[in-house]
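Colleague: how does the following fold in three dimensions:
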Amino acid sequence: MKHYAALLGFLILGAACGSNSSRLPTSSSIPSATSPSVPSPTNPSVAVREISVGEEVMGTLEVHGAKDVFELTALSDGTLVARLMWLPTQGRLELWLGDTFSSNADESPIVGRLSVVAGRKHHVLVADAAAWDYDNLFLPYVLTTDIQ
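Modeller: Take a look at the predicted model:
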């Protein structure tokens, strides 16, 4: 009788596990550990804000995993220098220039550099560097850019 009870328990467990198979995550719904994706015509999931070189941009990340994407057009050939400032006691930030990871840090500012070509558009991305945290996030920052 004990064998029948054990077999019945396994069958019930197997049926319960099998009934949820349609709710298992697919590979496309599992977040990757790679760089934050910069929006493109095929990936419009994040709004892109156009900024000018030399403009002081103020923003705030309000949830973990958030990112702000900016696009600027280089006025001349040279090196784009982006400076990201915030209060490190309020959280951690990452700075991406194009597809290049500049830094994530506990200390402000982060300064990133990228070679640019006149007339081309370039992306600057500010992201939460602690996307795995579950606490509340309210992280104001200031981003400045220049071409040298």
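
Colleague: pull out the buried residues from stretch 89-109.
Modeller: 91-98, 102, 105, 108-109 (16 or more other CB atoms under 10 Å). C-beta coordinates here come from the backbone N, C-alpha and C atoms, glycine included.

Colleague: cool, and stretch 132-148?
Modeller: 137, 139, 141, 143-145, 147.

Colleague: span of it from start to end?
Modeller: In stretch 132-148, first residue to last residue: 36 Å (CA to CA, to the nearest Å).

Colleague: need the contact partners of it.
Modeller: Identification of contacts with stretch 132-148 by CB atoms under 8 Å, 6 or more residues apart in numbering yields 51, 53-64, 66, 70, 72, 74-76, 78-87, 90-91, 93, 116, 124, 126, 128.

Colleague: filter those to the buried ones?
Modeller: 51, 53, 57, 59, 61, 64, 66, 70, 72, 74, 78, 80-84, 86, 91, 93, 116, 124, 126, 128.

Colleague: how about the helices in the protein?
Modeller: Using DSSP state H, the helices found in the chain span residues 2-19.

Colleague: quick one, strands of the chain?
Modeller: 48-50, 56-61, 67-73, 78-86, 93-97, 100-105, 110-116, 121-128, 139-147 (DSSP state E).
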